[in-house]
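Trainee: Okay, here's the prediction I keep looking at, along with the sequence it came from:
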Amino acid sequence: MRTPLQAQNDVSIKIKKQAKNYSIGFFYENGYVFQTNAFLRGINAEKEAIKNYQAFSGQIIFQTTGKKLWQQLYNFPSWGLGIHVSTFDNPEEMGVPIAAYAFINGSFHRWGKFSLNYEIDFGLTANWKRFNPISNRYNIAIGAGETVYIHAGINFAYRLSRQFEASFGAGLSHFSNGALKLPNFGLNTFSPRVELSYNVHGLPKFNRQKIPKFKKFNSLEITMFSGLKNVLYDSLQVSIQQRYKGVYFPIYGFRATMSRQISYKSKLGMGFSISYDGSVNARVAVEKGKIDVEASPFAEKLRLSIYPSYELIMGRYALILQPGVYLYRKQFSSQVPVSYQRIGLNYHFSNNFVAGISLRAYNFHVSDFIEWSLGYQLK
């Protein structure tokens, strides 16, 4: 007769074996580039609109099996790493960008061999032919050789056998450097996608457990953040290289968010933010052929805003959505709109400490700056 300890060890070994369950996947997509700036609409060396986009990708995919409760709550998603190679109509001015990314593929619903899924990819892209005021002056879409790559899509999958699965779907992709280097109008695409994956260990088995009733609780999160913004001054009498190098300004501040977690997945709240933006009403001059920043009052660069907050929680990770409104800021010409949008990803590396990265944008598509943050949470 087996003891409870031996039975427990058998379960542990079984879960460890299933944790090694992984697949190899490949996908191809071919779609459309949204005409969001003059370069894409045909103001380029080829004098033709850039409309078409295709990409190839290889992935290593790890299937969750219910070892942790959040995996069951999200219907046993898979996650993994991939390499993504893109081509556009005008490689001479855009290059052939290559992205390394992480992704999660979750299921809305399963029907036997069929499943309806969503996928979110996030990574970094290199090998762009960046904007250059002399050799590549039309490419206002990509100001740096490296960008962020974001993809969100849905797919319909069918398990062909114990080891092969095919899927078909469509999604939106975005390439941008978060205004770390201007010009940065970015690229947005829509494309259908076909994928085939091979599961090395065969059909996975899911471990289901009884879900305890969730106890709602309140929390206060205090966060410090910083960023960097690039500003160009076209009217200054400096060399064209200096003009398009621009000036980098620091951004830093803190925010406080009071939230109530209402379920295992969702947290709602309200917060306020005080920030310092060095680019606000900045005064510059030309000194020995270079752009020099003159001192200006500290108070002019302060901004106060409030925002509602939503967090989608998945284990130690949380997707953050915080649309905000500025209550106080110095008025000056060419400033960003009074409202902004913030989307980001947090990682809770302990019960209290959280680190994150997020993008602050306005008009729902124009990058303002990237935030790096470190926070402390009181429950």
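Mentor: Thanks, I have it. Numbering: from 1, shown residues only.
Trainee: could you pull out the helices for the stretch 201-350 of the chain?
Mentor: Remark: helices assigned in the stretch 201-350 of the chain by DSSP state H, counting those that start in this stretch are 240-245.
Trainee: As a check, name the ranges of all strands in it.
Mentor: For the stretch 201-350 of the chain, applying DSSP state E, counting those that start in this stretch gives strands covering 217-231, 247-261, 266-277, 283-287, 290-294, 302-314, 317-321, 324-329, 339-348.
Trainee: any idea how far the nearest residue to G25 once chain neighbours are set aside is from G80?
Mentor: Nearest non-adjacent residue to G25, counting by CB to CB, 6 or more residues apart in numbering: S197, 3.6 Å away. All C-beta spots, glycine's among them, are computed from the backbone N, C-alpha and C. According to CB to CB, to the nearest Å, S197 stands 10 Å off from G80.
Trainee: So, low pLDDT: which residues of this protein?
Mentor: For the chain, applying pLDDT under 70 flags the ranges 1-20.
Trainee: Show me which strand runs longest in it.
Mentor: Using DSSP state E, we find that the single longest strand of the chain is strand 95-111.
Trainee: Give me the nearest residue to V280, chain neighbours excluded.
Mentor: K301 (4.5 Å).
Trainee: give me every residue that touches that neighbour.
Mentor: 276-278, 280-281, 330 (CB atoms under 8 Å, 6 or more residues apart in numbering).
Trainee: Can I get the buried part of those as one ChimeraX selection?
Mentor: Restricted to buried positions by 16 or more other CB atoms under 10 Å, the ChimeraX selection for these reads:
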select :276,277,278,280,281
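Trainee: Mind putting the contacts of K301 into CSV with distance to E287?
Mentor: Shown next, in CSV, are the contacts of K301 (distance: CB to CB, whole Å):
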residue, distance to E287
Y276, 24
D277, 23
G278, 18
V280, 21
N281, 20
K330, 25
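Trainee: With respect to N136, which of the contacts of K301 is nearest?
Mentor: G278 (28.6 Å; CB to CB).
Trainee: you'd agree the closest one is up against V247?
Mentor: No. Taking CB atoms under 8 Å as the definition, G278 is not a contact partner of V247, at 9.2 Å.
Trainee: So S197 and G80 - more neighbours on which side?
Mentor: Using other CB atoms under 10 Å as the criterion, S197 and G80 rank with S197 on top: 24 against 20.
Trainee: Strand 95-111 and the helix or strand containing the more buried one, what's the angle between them?
Mentor: Using DSSP states H and E, S197 sits in strand 187-199. When axes from the mean of the first three to the mean of the last three CA atoms, to 10 degrees is applied, the directions of strand 187-199 and strand 95-111 differ by 60 degrees.
Trainee: ok, and for strand 187-199, which residues are buried?
Mentor: Buried residues in strand 187-199 (16+ other CB under 10 Å): 187-189, 191, 193, 195, 197, 199.
Trainee: With stretch 126-138 instead?
Mentor: Quick answer for stretch 126-138 (16+ other CB under 10 Å): 128-131, 136, 138.
Trainee: hmm, back to that, for the contacts of K301, which one is nearest F103?
Mentor: Using CB to CB, the contacts of K301 come closest to F103 at D277, 33.0 Å.
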